[in-house]
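Asker: Predicted model and sequence follow; I will ask about them next.
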Amino acid sequence: MWAIINPVNDFAENSMPEIKIAFISIIRTTFDVELAQRVAESARTQLAASGVTLVGPSASVTTLDEANARAEVLADADIDLLVLFQATFADSTMALAFARQVDAPLLLWAVPEPHTGGRLRLNSLCGINLAGHALTRAGYRYAYVYADPSAALALDTVHVRAQAGRVRRRLRGTRIGRVGDNPAGFETCLVNRAGLAERFGLDVVDLDLREQVFAAAQAVPQAEAQAVADELATRVSGLDELDANATQGTMKTYVALKQIAEAERLQGFAVRCWPEFFTELGCAACGAMSMLSDGMTPSSCEVDVNGTITQFILQTLSGEPAFGSDLVSVDPEADALVLWHCGLAPLAMADPETTPGVTIHSNRKLPLLMDFSLKPGRVTVARLSEATGDFRLVIGMGEIVRGRKPFSGTTGLLRFDRPADQILARILAEGLEHHISLTYGDHGPALRALAHMLNLPVYEL
């Protein structure tokens, strides 16, 4: 299968990577230590049983010196979430010690205790209140949960925050290949390099369209391109009916971009897909980008860097490919918006009731494009937007529904959780970008958690 996972990508095909959590229980010894240890051990056991990987020593910390020592151990660990479990009340010094030394999202966890009319044995809630105030004054962001270790709320909160934390961690150091410049008049695809580096810690790597990508594609051996085409022919119909030379150009483009991703340690591409691919290389880039996205190297057309980043975020949450699309029409009968983009949706999204096909570009009349309807199912829609001049995260939830295929290429009917005309009105009134991204599954809570971690405003569709 052509799906190649980049060496820097810790995805395994069709599986979700592990979530890594550091769990720190804080105890002040003037409270009920025996009860606090039992509650902390219960929480730790519940987390371990829920499928996460717990990083670091299990012993509770009771003094500032112990907190500093533990923080030093965790400072270089790749963790997705730091859980400070307030087993008892304590002053804020230990929480601040971890926040200052461990670069990971913070979750403060307090537990209820029975109203017995007797001694306040833990005073856990007051502990996170005190810690939260100190963290806020010091400029640290955090989330909290107030629930028993066995409560679904507690485990759900930890998992959602850890999933978001994993995205945050993977964004840092991510490298997106920008192939050429965005077309004139496509302000939605302008790139804010400094802002992306400062806010997310990622790099945009410029690649010359002709000297690097076209030259690399033309150098790909015919046999290597044909091997990719032979594999593709096992998943789609009609490949042998298209112009062979142009189809080979798309296959060579895929091989070249894959090789560049490996050599430059890139996690995704934003590609100038027209007009030069058609007028100079004699083929469409769409099919190559579809195959790259299908192999978890997200690729956007029209040099939409923010679109690629959005796809990267979504695929990191879902463990499945993401798709960047235009909204091109409204289907009143289905109360749905029509998604369409030439032919670059990943094949993993094809409706299994029909065999996906291939086609030529509707305007340029050259292959290779994918041709299928998106499979039905719950989807999460998102966009890293700069419509207001600063970053914010646009989030929407909906469902892909079956219906008559409205256009050639890759397309689908997206029924949002609110009426289609309201969604369209919100998009146009806000002046949002013309590209949105989606992946399958309900990942809204994790996206909102990620936005909180990155201090991004959220706009809900």
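Answerer: Ah, there it is.
Asker: In contact with residue 334, which residues?
Answerer: Contacts for residue 334 (Cβ atoms under 8 Å, 6 or more residues apart in numbering) come out as 401, 403, 413, 415. For glycine as for every other residue, the C-beta is placed from the backbone atoms N, C-alpha and C.
Asker: Could you list the domains of the protein?
Answerer: According to automatic domain parsing, the chain comprises the domains 20-170, 172-460.
Asker: Mark which of the contacts of residue 334 are part of strands, please.
Answerer: With DSSP state E as the criterion, strands contain 401, 413, 415 from among those.
Asker: Top of these by number of neighbours, please.
Answerer: Neighbour counts for the ones in strands among the contacts of residue 334 peak at residue 413, which has 26 neighbours (criterion: other Cβ atoms under 10 Å).
Asker: For that one, give me its contacts.
Answerer: 331, 334, 336, 337, 338, 339, 400, 401, 402, 403, 406.
Asker: Most neighbours out of those, which is it?
Answerer: residue 339 leads the contacts of residue 413 on contacts (other Cβ under 10 Å) with 27 neighbours.
Asker: On the three-state scheme, that one is what?
Answerer: Secondary structure of residue 339, reduced to three states by DSSP: H, G, I helix; E, B strand; the rest coil: strand.
Asker: I'd like to know the beta-bridge partner residues of the closest residue to it other than its chain neighbours.
Answerer: Using Cβ to Cβ, 6 or more residues apart in numbering and skipping the chain neighbours, the partner closest in space to residue 339 is residue 325 (4.3 Å). Residue 325 has these beta-bridge partners by DSSP bridges: residue 436.
Asker: wait, isn't residue 325 in contact with residue 341?
Answerer: Yes - in terms of Cβ atoms under 8 Å, residue 325 counts as a neighbour of residue 341; the distance is 4.6 Å.
Asker: Now do the shared contacts for those two.
Answerer: residue 410.
Asker: and the helix or strand where residue 452 lies, what other elements does it pack with?
Answerer: In the assignment (DSSP states H and E), residue 452 maps to helix 444-453. Applying 3 or more Cβ pairs under 8 Å, 6 or more residues apart in numbering; DSSP states H and E, we find helix 444-453 packed against helix 152-171, helix 305-318, strand 377-385, strand 392-401, strand 458-460.
Asker: Using a markdown table, lay out the ones you listed together with mean pLDDT.
Answerer: Formatted as a markdown table, those follow (pLDDT from 0 to 100):
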| stretch | mean pLDDT |
| --- | --- |
| helix 152-171 | 97 |
| helix 305-318 | 98 |
| strand 377-385 | 98 |
| strand 392-401 | 98 |
| strand 458-460 | 98 |
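Asker: Quick check: which of the ones you listed is nearest to residue 225?
Answerer: Comparison of the helices and strands packed on helix 444-453 against residue 225 by Cβ to Cβ identifies helix 305-318 as nearest, at 24.2 Å.
Asker: I'd like to check the angle between that closest one and strand 377-385, please.
Answerer: 140 degrees (axes from the mean of the first three to the mean of the last three Cα atoms, to 10 degrees).
Asker: could you give the angle of helix 305-318 to strand 392-401?
Answerer: Angle, helix 305-318 to strand 392-401, by the same axes, to 10 degrees: 60 degrees.
Asker: which one of the helices and strands packed on helix 444-453 lies closest to residue 290?
Answerer: helix 305-318 (12.3 Å).
Asker: Relative to the whole chain's centre, how far out is the closest one?
Answerer: Offset of helix 305-318 from its chain centre (Cα atoms, centre = their mean, to the nearest Å): 4 Å.
Asker: Also stretch 115-124?
Answerer: That offset, for stretch 115-124, works out to 43 Å (Cα atoms, centre = their mean).
Asker: For that stretch, give me every contacting residue.
Answerer: With Cβ under 8 Å, 6+ apart, stretch 115-124 has contacts from 31-32, 35-36, 39, 86-89, 110-113.
Asker: how about it: buried residues?
Answerer: Buried residues in stretch 115-124, defined by neighbour count with 16 or more other Cβ atoms under 10 Å: 121, 122, 123, 124.
Asker: Take the residues you listed and keep only those in helices.
Answerer: Using DSSP state H, residue 124 are the members of these that sit in helices.
Asker: Residue 74: which of the buried residues of stretch 115-124 is nearest?
Answerer: Of the buried residues of stretch 115-124, the one sitting nearest to residue 74 (Cβ to Cβ) turns out to be residue 124, at 21.9 Å.
Asker: Let me know the distance separating the closest one from residue 90.
Answerer: Counting by Cβ to Cβ, to the nearest Å, the gap from residue 124 to residue 90 is 10 Å.
Asker: Apart from its chain neighbours, what residue comes closest to the spatially most central residue of the chain?
Answerer: Centroid-nearest residue in the chain, with Cα atoms, centre = their mean: residue 313, separated by 1.5 Å. Nearest non-adjacent residue to residue 313, counting by Cβ to Cβ, 6+ apart: residue 167, 5.5 Å away.
Asker: quick one: the one you found and residue 446 touch, right?
Answerer: Yes - counting by Cβ under 8 Å, residue 446 is a contact partner of residue 167 at 7.5 Å.
Asker: can you give me the helices in this structure?
Answerer: 33-49, 64-74, 93-101, 124-137, 152-171, 193-200, 215-218, 222-233, 244-264, 276, 286-294, 305-318, 420-430, 444-453.
Asker: which of the ones you listed is buried the deepest?
Answerer: helix 286-294 (a mean of 30; mean count of other Cβ atoms under 10 Å).
Asker: roughly how far is it from the heart of the chain?
Answerer: So, by Cα atoms, centre = their mean, the centroid of helix 286-294 is 18 Å from its chain's centroid.
Asker: Repeat that for stretch 123-131.
Answerer: That offset, for stretch 123-131, works out to 33 Å (Cα atoms, centre = their mean).
Asker: can you check stretch 224-237 too?
Answerer: Counting by Cα atoms, centre = their mean, stretch 224-237 comes out at 28 Å from the chain centroid.
Asker: Now do that stretch: everything it contacts.
Answerer: Under Cβ under 8 Å, 6+ apart, the answer for stretch 224-237 is 1-2, 239-240, 247-248, 251-252, 254-255, 291, 347, 355-358, 370.
Asker: now stretch 207-217
Answerer: 177-180, 249, 252-253, 255-257, 259-260, 264, 272, 276, 280-281.
Asker: Okay, now the unreliable bits of this protein?
Answerer: For the chain, the stretches flagged by pLDDT under 70 are 1-17.
Asker: make it 90
Answerer: Filtered on pLDDT under 90, the chain yields the residue ranges 1-18, 76, 362, 364.
Asker: out of the contacts of residue 413, what pair is the most spread apart?
Answerer: 337 and 402 (15.0 Å).
Asker: returning to what we had before: nearest to residue 59 among the contacts of residue 413?
Answerer: residue 400 (48.6 Å).
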